[in-house]
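Colleague: Can you look at this prediction? I've put the sequence above it.
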Amino acid sequence: IALFSPQLQPKREALGTVIGSLFTGANHPLAVLESSGRVIAARHNLPVITRATEYIATLGSNTSVYREVARIAAAADGEYPRLEKVLDLAVVRQSDSQRIVALAEAACSGQTPEQEAAWQRSYDALWATAMYPSVEAALVAMGAR
């Protein structure tokens, strides 16, 4: 009965999308199943986990960074919109996984204005040297669109 609670609607939708990824081109089915567990356990950032899982299932490379961003999003103690930006960065960069994961971790911590400015500078510097100009361009180039 609790499964049908209106409060769980976003979680049901996210879980449906994640499980659906198994049938729509799962390159890494075990990682997709791992993400389904993250959706169940997560209290926040479901869109980030869902989209990271879609990338795990449909893109052939850079899977570890998407898994790490999903892990960080699932473990977060609140909604962190900057995680969406970090996920976008992972798609357009296709490299620098350690720096991107560090940005994801920093995106989930309370920061002073100076730390936030430093985070944004790091993000902007990585974006400026991205392989693709946009997420859409990256997905098209990788055959996901």
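Modeller: In hand now; what should we look at? What you are looking at is a predicted structure, and each value in this text was computed from that prediction instead of being measured. Residues are numbered from 1 along each chain as shown.

Colleague: Render the CA-only coordinates of the helix or strand bottoming out on mean pLDDT in the chain in PDB, please.
Modeller: Across the helices and strands of the chain, mean confidence by mean pLDDT, DSSP states H and E is lowest for helix 9-20: a mean of 75. Backbone C-alpha positions of helix 9-20 (Å, rounded to 0.1, in the frame of the first residue of the first chain) are rendered in PDB as follows:
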ATOM      1  CA  GLN A   9       5.300   8.900  -7.200                       C
ATOM      2  CA  PRO A  10       8.600  10.400  -8.200                       C
ATOM      3  CA  LYS A  11      10.500   7.400  -6.900                       C
ATOM      4  CA  ARG A  12       8.100   5.000  -8.800                       C
ATOM      5  CA  GLU A  13       8.700   7.000 -12.000                       C
ATOM      6  CA  ALA A  14      12.400   7.100 -11.500                       C
ATOM      7  CA  LEU A  15      12.500   3.400 -10.900                       C
ATOM      8  CA  GLY A  16      10.400   2.700 -13.900                       C
ATOM      9  CA  THR A  17      12.800   4.700 -16.100                       C
ATOM     10  CA  VAL A  18      15.800   3.000 -14.600                       C
ATOM     11  CA  ILE A  19      14.400  -0.500 -15.100                       C
ATOM     12  CA  GLY A  20      13.200   0.500 -18.600                       C
END
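
Colleague: Report all helices and strands that it contacts.
Modeller: Identification of packing neighbours for helix 9-20 by 3 or more Cβ pairs under 8 Å, 6 or more residues apart in numbering; DSSP states H and E yields helix 29-41, helix 46-58. (Each C-beta comes from the backbone N, C-alpha and C, glycine too.)

Colleague: The residue positioned nearest the centre of the chain and Asn27: what is the separation?
Modeller: Central residue of the chain (Cα atoms, centre = their mean): Ala52, 3.6 Å from the mean position. Going from Ala52 to Asn27 by Cβ to Cβ, to the nearest Å gives 14 Å.

Colleague: So in the chain, which helix runs the longest?
Modeller: If you go by DSSP state H, the chain has its longest helix at helix 113-128.

Colleague: got the buried residues for the least confident helix or strand of the chain?
Modeller: Lys11, Ala14, Leu15, Thr17, Val18 (16 or more other Cβ atoms under 10 Å).
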